[in-house]
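**Student:** Got a sequence here, can you model it:
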Amino acid sequence: MTLRRVVVTGLGVAAPNGTGVDRFWDALIHGRSGVGPITAFDACGLRSRIAGEISDFDAETRLSARTAKRAARVTQLGVAVALEAFERAGLSGNGSAELARERAAVVMGAGIGAFDMIEREHAVFLERGPDKFHPLTVPMVIPDAPAGLIAIEAGCRGPNLCVSSACATGNNALGTALDLIRAGRADVALAGATESTISPFAIAGYCQLRALSTRNDDPAGASRPFSRDRDGFVIAEGAGALVLEELEHAKRRGAPILAELVGYGATADGYHMTAPEPNSRGSIAAMRAALEDAKMAPSDVDVVNAHGTSTPMNDPAETAAIKAVFGEHARTLAVQSTKSMTGHALGGAAALESVACVLELERGVIHPTINLTDPDPACDLDYVPLTARAMRPRAIMKNAFGFGGHNAVVIFKRWEG
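**Tutor:** Okay, here's the model as predicted:
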């Protein structure tokens with residue numbers, strides 16, 4: 001049986017270096033970092049006092065007042081990027097767009113959810129008693145709140161799912177949506193992920209793991225994937241959403257086709273909660289599975305948008321995995337890390353990075369990995385250092401690996417009609 005082809009027809013994004021597709025793209029190609037000192041709370045007592053905060057997002061200008069008031073920030077971000085993606089796909093409003101939403105799925109993931117709100121309302125509970133904290137706390141903090149509210153706001157009546165697989169969440173959401181459309185369970189799917197967990201307890205927890213950069217005197221230079229002097233990732237918030245659509249359905253309604261989602265692979269390391277498997281077996285298997293699903297040879301891929309976290313363990317492990325999968329072709333690949341500019345948005349990272357991949361395929365420019373002036377000798381591929389590059393990739397592989405040993409990889413292909 002021939003698989004139903006799935007294309008991307010809409011994008012939405014909120015990232016530390018730009019909210020909305022146009023602002024995000026401009027920041028990417030000009031190599032602008034969105035990392036700065038933490039302003040959400042007084043972080044003076046923490047080892048890591050920097051983050052990728054989204055400073056240009058105003059929920060009340062992007063959402064109805066009622067929705068903004070009844071949603072935690074993680075959900076506000078998720079709903080806002082979903083509505084942007086629907087609008088860009090021509091799925092807002094009534095008429096044929098409303099009919100399309102009858103068979104529209106929502107697969108919006110969250111790696112952690114409303115950690116900040118849980119922390120805040122629990123403090124109120126302890127200080128003021130059991131009847132004083134926000135009465136809607138439970139429905140506001142559950143991880144599926146973004147997916148549920150997106151369906152409500154956009155009128156989507158197909159399958160509605162929340163995927164949660166740590167930093168692999170965004171890719172697993174895209175892959176799940178791809179499978180739903182291929183199987184005929186939906187014609188359209190809003191897929192992506194959202195995260196906002198810049199709170200004292202959360203950041204202190206990552207500090208306890210020695211996972212975060214402590215380059216507090218140089219926030220914009222702190223996320224340094226593949227660099228010799230990297231010292232950890234920079235925590236961030238962010239969200240990305242893609243409208244996926246069955247090809248013939250998109251053509252019938254004259255939708256803008258931006259790229260094609262052609263492959264998905266997912267595996268588990270089965271090894272450790274926080275450390276990658278020493279031989280990269282799981283990530284290698286996920287990349288190979290995505291290539292097989294796409295019916296592509298390694299040489300068909302021109303760019304790898306890496307997980308690229310800027311941690312001492314991840315960067316050389318991912319480099320070794322890319323070499324194992326691509327062989328000699330690894331030397332001709334362009335490998336990039338969006339996190340060099342955005343920091344690491346945890347569960348939301350792969351979704352906003354996938355938005356970057358689609359824009360690169362559509363617009364013929366690939367963004368740089370900034371802050372890469374002194375590469376780690378163990379990281380010896382072409383990481384597109386410092387400056388964007390004019391290029392028309394045929395296909396981009398997007399990697400995402402998460403705590404718990406989750407590995408998820410997707411492949412986007414340039415749309416040529």
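
**Student:** I'd like the distance between the closest residue to Ile29 other than its chain neighbours and Pro368.
**Tutor:** Distances taken as Cβ to Cβ, 6 or more residues apart in numbering place Ala388 nearest to Ile29, at 4.5 Å, with adjacent residues excluded. For every residue, glycine as well, the C-beta is placed using N, CA and C. Distance of Ala388 to Pro368, given as Cβ to Cβ, to the nearest Å: 5 Å.

**Student:** Please say which of those two ends up with more neighbours.
**Tutor:** Neighbours per residue (other Cβ atoms under 10 Å) separate Ala388 from Pro368, with Pro368 holding more: 23 against 16.

**Student:** wait, that one sits on Arg389?
**Tutor:** Yes - counting by Cβ atoms under 8 Å, Pro368 does reach Arg389; the two are 7.3 Å apart.

**Student:** those strands in the stretch 1-150 of the chain, which residues are they?
**Tutor:** Assigned by DSSP state E, counting those that start in this stretch, the strands in the stretch 1-150 of the chain fall at 6-15, 18-19, 36-37, 50-51, 104-109.

**Student:** In JSON lines: these, plus mean neighbour count and distance to Leu190.
**Tutor:** Shown next, in JSON lines, are those (neighbours: other Cβ atoms under 10 Å; distance: least, Cβ to Cβ, whole Å):
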{"stretch": "strand 6-15", "mean neighbour count": "29", "distance to Leu190": "8"}
{"stretch": "strand 18-19", "mean neighbour count": "24", "distance to Leu190": "18"}
{"stretch": "strand 36-37", "mean neighbour count": "14", "distance to Leu190": "30"}
{"stretch": "strand 50-51", "mean neighbour count": "26", "distance to Leu190": "27"}
{"stretch": "strand 104-109", "mean neighbour count": "30", "distance to Leu190": "5"}
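
**Student:** how deep is Thr214 tucked in, by neighbour count?
**Tutor:** 15.

**Student:** Next one: it from Gly205, what distance?
**Tutor:** 15 Å.

**Student:** what's the answer for Arg182, then?
**Tutor:** Counting by Cβ to Cβ, the gap from Arg182 to Gly205 is 38 Å.

**Student:** Likewise for Glu84?
**Tutor:** 31 Å.

**Student:** Equivalent analysis for Ala189, please.
**Tutor:** Ala189 is 33 Å from Gly205, where distance means Cβ to Cβ.

**Student:** swap in His122?
**Tutor:** In terms of Cβ to Cβ, His122 sits 15 Å off from Gly205.

**Student:** next one: Leu244
**Tutor:** 34 Å.

**Student:** Which of the two has more residues huddled nearby?
**Tutor:** Leu244 (29 against 14).

**Student:** three-state assignment of the more buried one?
**Tutor:** Judged by DSSP: H, G, I helix; E, B strand; the rest coil, the three-state class of Leu244 is strand.

**Student:** Let me see the contact set for it.
**Tutor:** Contacts for Leu244 (Cβ atoms under 8 Å, 6 or more residues apart in numbering) come out as 6-9, 174, 177-178, 181, 188-191, 261.

**Student:** Just send those back as JSON lines, with distance to Ala400 and pLDDT too.
**Tutor:** Converted to JSON lines, the contacts of Leu244 look like this (distance: Cβ to Cβ, whole Å; pLDDT from 0 to 100):
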{"residue": "Val6", "distance to Ala400": "18", "pLDDT": "98"}
{"residue": "Val7", "distance to Ala400": "21", "pLDDT": "98"}
{"residue": "Val8", "distance to Ala400": "17", "pLDDT": "98"}
{"residue": "Thr9", "distance to Ala400": "22", "pLDDT": "98"}
{"residue": "Leu174", "distance to Ala400": "9", "pLDDT": "98"}
{"residue": "Ala177", "distance to Ala400": "15", "pLDDT": "98"}
{"residue": "Leu178", "distance to Ala400": "14", "pLDDT": "98"}
{"residue": "Ile181", "distance to Ala400": "20", "pLDDT": "98"}
{"residue": "Val188", "distance to Ala400": "23", "pLDDT": "97"}
{"residue": "Ala189", "distance to Ala400": "18", "pLDDT": "97"}
{"residue": "Leu190", "distance to Ala400": "19", "pLDDT": "97"}
{"residue": "Ala191", "distance to Ala400": "13", "pLDDT": "98"}
{"residue": "Leu261", "distance to Ala400": "14", "pLDDT": "98"}
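
**Student:** Counting neighbours, what do you get for Pro139?
**Tutor:** Quick note: Pro139 (other Cβ under 10 Å) scores 15 neighbours.

**Student:** With Gly175 instead?
**Tutor:** 24.

**Student:** okay but Gly34 is in contact with Met341, surely?
**Tutor:** Yes - because the distance of 6.4 Å satisfies Cβ under 8 Å, Gly34 is recorded as touching Met341.

**Student:** what residues do the two have in common as contacts?
**Tutor:** By Cβ under 8 Å, 6+ apart, the residues touching both Gly34 and Met341 are 17, 27.

**Student:** so where do the helices sit in the stretch 51-200 of the chain?
**Tutor:** 59-62, 65-69, 73-88, 96-102, 115-128, 137-141, 145-154, 169-182, 200-208 (DSSP state H, counting those that start in this stretch).

**Student:** shared neighbours of Ala388 and Pro368, which are they?
**Tutor:** Gly31.

**Student:** Run through the residues that contact Thr319.
**Tutor:** So Thr319 contacts 226, 335, 378-381 (Cβ under 8 Å, 6+ apart).

**Student:** Kindly reformat the residues you listed as a markdown table containing secondary structure.
**Tutor:** Below are the contacts of Thr319 laid out as a markdown table (three-state DSSP):
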| residue | secondary structure |
| --- | --- |
| Phe226 | coil |
| Val335 | strand |
| Ala378 | coil |
| Cys379 | coil |
| Asp380 | coil |
| Leu381 | coil |
